[in-house]
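>>> here's a sequence, model it:
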Amino acid sequence: MAEISFGFATSHGSLLVTNPEDWTGRANADRKSSALWFRGKTHSFQELLELRGAESFAAQAALETRRERYASCQSQLDRLSDVVLDLDPDLIVIIGDDQHEWFTESVQPPFAMFCGESVTNFAMTDKEIERHRSSGRPIDPLGYHPPSDMRCPIAQPLAKHMLRMLAQEGFDVAASMRQPEANLGHAYGFIYRRILRDRAIPCVPILVNTFYEPNQPTAARCLDFGHALGRAIRSWPSQAKVAICASGGLSHFVIDEEFDRLVLTALATNDLATLAAQSDNMFQSGTSEIKNWLIAAGAMAETSLRMTLLDYVPCYRTEGSTGNAMGFAIWQ
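Now for the predicted structure:
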């Protein structure tokens, strides 16, 4: 039977592919926003300042601090990439969230899996690069997409086996058989580019609706899904070494270090009951991507693998505590 040999998790936020000097564009957008989610409620930037002002985030959003934390993130991404490529898994199951890149308002399943023969990670067009630049968000065009179109093979036999086994366990996962007229989502493109360095290791993308109401799966449901996913992988009649990847997180676009630490501690101690008990109000906006980590944790729970946190780096971009908390971890 197949073996879950390794697991890893990484943030994939745009600050990881944006020079610290250029974080200002997103910071300016934060200051104009009236929909900054924090602990069960949306706030304007001014409301957020009044709510959290005593905590004084200005120094953490200063350019020199941005540079230091960006460098820390890049160091951990290099380290994580080296570990993954040295272990050389046969297959990788990538758990990510779709942000209307693959699915749109026409259909949005809670859980979906791509099981076609391959997907293509398209190079970023000049139009897309200009759109980011003109909006004040000049990301590195090679952060999520290769310099030329890249065909990524799918571990189709494993994908189909997982779909069948998950159905038997009560999870009716949507099966995506053909890539739509859209690029591979950034949750997956980041893994191919930054972690796998464009190495075409066969993968299975799992697409989770963490962002959009009304059918977001709860934290408890994600953990249960992870348990079933792990059992499905281990029941596959193959000698393959399978790695599991969680892409996304941690708290953003308002950073909540206390909540991140609670989650990371629970993950490291395999305290899934604490994770399942968290209110869904804590998993909204970008922070919802933590659910991808919960699915990975569920899949690991019935193995001997345990999580080690490589680093936690809160990357603030404003004095109002907005930004993206970055996390990097492995299960070994």
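
>>> so where's the stretch 51-200 of the chain uncertain?
Counting by pLDDT under 70, the stretch 51-200 of the chain has low-confidence residues at 132, 134-137.

>>> how are the helices of it distributed by residue range?
Using DSSP state H, counting those that start in this stretch, the helices assigned to the stretch 51-200 of the chain run over residues 63-87, 126-134, 156-168, 186-190.

>>> residues near Ala112, how many?
Under the neighbour criterion other Cβ atoms under 10 Å, Ala112 is assigned a count of 21. Quick note: C-beta positions are derived from backbone N, CA and C, even for glycine.

>>> looking at the helices of the stretch 51-200 of the chain, which is closest to Ser176?
If you check each of the helices of the stretch 51-200 of the chain against Ser176 by Cβ to Cβ, helix 156-168 wins as the nearest, at 9.7 Å.

>>> any buried residues in that closest one, and which?
By neighbour count, and taking 16 or more other Cβ atoms under 10 Å as the criterion, the buried residues in helix 156-168 are 156-159, 161-163, 165-166.

>>> same deal with stretch 303-313?
Under the neighbour-count criterion of 16+ other Cβ under 10 Å, stretch 303-313 has 303, 305-307, 310, 312-313 buried.

>>> again, but for stretch 4-22
Under the neighbour-count criterion of 16+ other Cβ under 10 Å, stretch 4-22 has 4-18, 20, 22 buried.

>>> quick one: average confidence on it?
Taken as a whole, stretch 4-22 has a mean pLDDT of 96.

>>> mind checking how far that stretch is from the chain centre?
Between the mean C-alpha location of stretch 4-22 and the chain-wide mean there is a distance of 8 Å, by Cα atoms, centre = their mean, to the nearest Å.

>>> do you know how far Gly283 is from Glu213?
Not Gly; residue 283 is Phe. 12 Å (Cβ to Cβ, to the nearest Å).

>>> neighbour-wise, which of the two wins?
Neighbours per residue (other Cβ under 10 Å) separate Phe283 from Glu213, with Phe283 holding more: 25 against 8.

>>> now the end-to-end length of stretch 130-138.
The straight-line separation of the ends of stretch 130-138 (Cα to Cα, to the nearest Å) is 8 Å.

>>> please enumerate the strands of the stretch 201-332 of the chain.
Remark: strands assigned in the stretch 201-332 of the chain by DSSP state E, counting those that start in this stretch are 203-208, 241-247, 307-316, 323-331.

>>> can I get these in TSV including mean pLDDT?
Formatted as TSV, the entries for the strands of the stretch 201-332 of the chain read as follows, by pLDDT from 0 to 100:
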stretch	mean pLDDT
strand 203-208	98
strand 241-247	98
strand 307-316	98
strand 323-331	98
